[in-house]
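# using only what follows, build the 3D model:
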Amino acid sequence: MSKPIHPTLTSAYYAQCVISFGIAVGSVAIGVAYLPVDAWVRAFLAIAVLYTVTSAFMLAKCVRDRQELGAMSSRVDQARLDRLLSEHDPYKVENL
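Predicted coordinates:
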């Protein structure tokens, strides 16, 4: 049996993701702040961006949790199969 390869998260990749997210949110915030519209329109757009960001985080968490649950159930199934195979003796004759 081969063990599945687990992806690793390097610190450089993590830093790149955090910086990219910061730049994206910052640029949207600056864009909303300097829009030539009334304050209520800016507030509406700011709330909409905030809602989009939080829902994106929630979606990413749900996808991660679903993937981890699938990986855990497949590990349990694999352990059951390994136990059955280790207990099975193909040369054992059953008494009838």
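
# helix, strand or coil: sort out K92 for me.
Recorded secondary structure, K92: coil (DSSP: H, G, I helix; E, B strand; the rest coil).

# spatially central residue for the protein, please.
Closest to where the C-alpha atoms of the chain average out (C-alpha atoms, centre = their mean) is R64, at 2.9 Å.

# what packs against the helix or strand that residue falls within?
Taking DSSP states H and E as the criterion, R64 maps to helix 39-87. Under the contact criterion of 3 or more C-beta pairs under 8 Å, 6 or more residues apart in numbering; DSSP states H and E, helix 39-87 touches helix 11-33. For the C-beta atoms, the positions are set from N, CA and C on the backbone; glycine is no exception.

# tell me the buried residues in the helix it packs on?
Residues of helix 11-33 classed as buried by neighbour count (16 or more other C-beta atoms under 10 Å): V28, V32.

# thanks a lot, see you next time.
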